[in-house]
Each structure stands twice: as C-alpha cells, then as structure tokens.
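**Student:** Structure for this input, please:
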Amino acid sequence: MTTVDDRLRAYVYLSLRDPVLARLADRHGRPDPFSWPAVGSRRLASNLAALSLHIVSQQISTAAALTIYDRVVAAAGVPVLSAEALGRLSLDELRAAGLSHAKALALAELARAQIEGRIDQALTPAFSYSLFSVTRKASSSVMSASS
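**Tutor:** Below is the predicted model:
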C-alpha cells in the first residue's frame, strides 16, 4: 500500500523528469493514482474484486464497466466478488453479463489461479508481476485461440 509520502515522492521524481506532467500536477493537483472515486459504494473488499473490476474496465467507459461489473457480481450471487463465486460462473454466464470473450477468459483464469493457489490475492498488496503474468497468460490463450 502506498502512503501519501510515497505518492508525493513519486510525483516529485516524475515531475523532475517530465515537464508536461509537472505542469499538469501543478494545475490539477496530485491525485492518488490508485483510487477510483467512480466505484462509489461498490464493495471492493478484496484484491480479487478490485482486479476483476480493472479487467472489466479495460478500454470501455467507466459507466459501461461499472454496469458490467455489477452484472457479474449479481450473476455470482454474492455481495463481494470472491474467487469461488467467480469460478462458479461459466464463460457463457460471464459473456451474458456483457464481457468480451477475452475478458471472460481473463476473469475465469484469475479465479482459477486464486483457487488453485497460484496467486494469493489476500496477501498481494499491489498488482505484482504474478498478477500480471496470470492476466497475460489468459490473454495469450485468447490470442492463440483466435489465430
């Protein structure tokens, strides 16, 4: 987890190297890059739920992402998305919630990796390389399947 001091040091470091970022930070402030106010009252009480929302939200509007994420949570039948609940959903159910085939595969693989113990979302403080490799593996599977 990053602290306010960590974020300030990062902004200073980057601003010294990028004059455009420095001007933007001076004009608009230094927001926490890890917060997402639009999430609102949604219960992202787990790293898996948060990462799932980030996967869902890639390359679509925030409004669309939140609608689709809410459909996934409703289909899972739980107040907070867990690997077990997500893993019980079929690809067809994920697609019916509005996910693309690639995103449905990525979420299914994320749940499977958590359930099998290949990653531990509960102990992962930030998006580490292990999480990146899981979603990259799922994306690679999609790429090779569609080739």
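
**Student:** residue ranges with poor pLDDT in the protein?
**Tutor:** In the predicted model, the chain carries pLDDT under 70 at residues 1-2, 34, 41, 43-44, 121-147.

**Student:** Give me the distance between the closest residue to residue 66 other than its chain neighbours and residue 54.
**Tutor:** Closest residue to residue 66 apart from its sequence neighbours, by C-beta to C-beta, 6 or more residues apart in numbering: residue 38 at 6.8 Å. Backbone N, C-alpha and C define where each C-beta goes, glycine included. Distance of residue 38 to residue 54, given as C-beta to C-beta, to the nearest Å: 12 Å.

**Student:** can you list the domain ranges for this protein.
**Tutor:** For the chain, the structural domains run 1-35, 43-146, going by automatic domain parsing.

**Student:** May I see the buried residues of the shortest one?
**Tutor:** Translated: domain 1-35. For domain 1-35, a neighbour-count test (16 or more other C-beta atoms under 10 Å) marks 11, 15, 25 as buried.

**Student:** in which helix or strand would I find the first one?
**Tutor:** In the assignment (DSSP states H and E), residue 11 maps to helix 4-17.

**Student:** Packing partners of that helix?
**Tutor:** Helix 4-17 is packed against helix 19-28, with contacts defined by 3 or more C-beta pairs under 8 Å, 6 or more residues apart in numbering; DSSP states H and E.

**Student:** contacts for the helix it packs on?
**Tutor:** If you take C-beta atoms under 8 Å, 6 or more residues apart in numbering as the criterion, helix 19-28 is touched by 11, 14, 15, 16.
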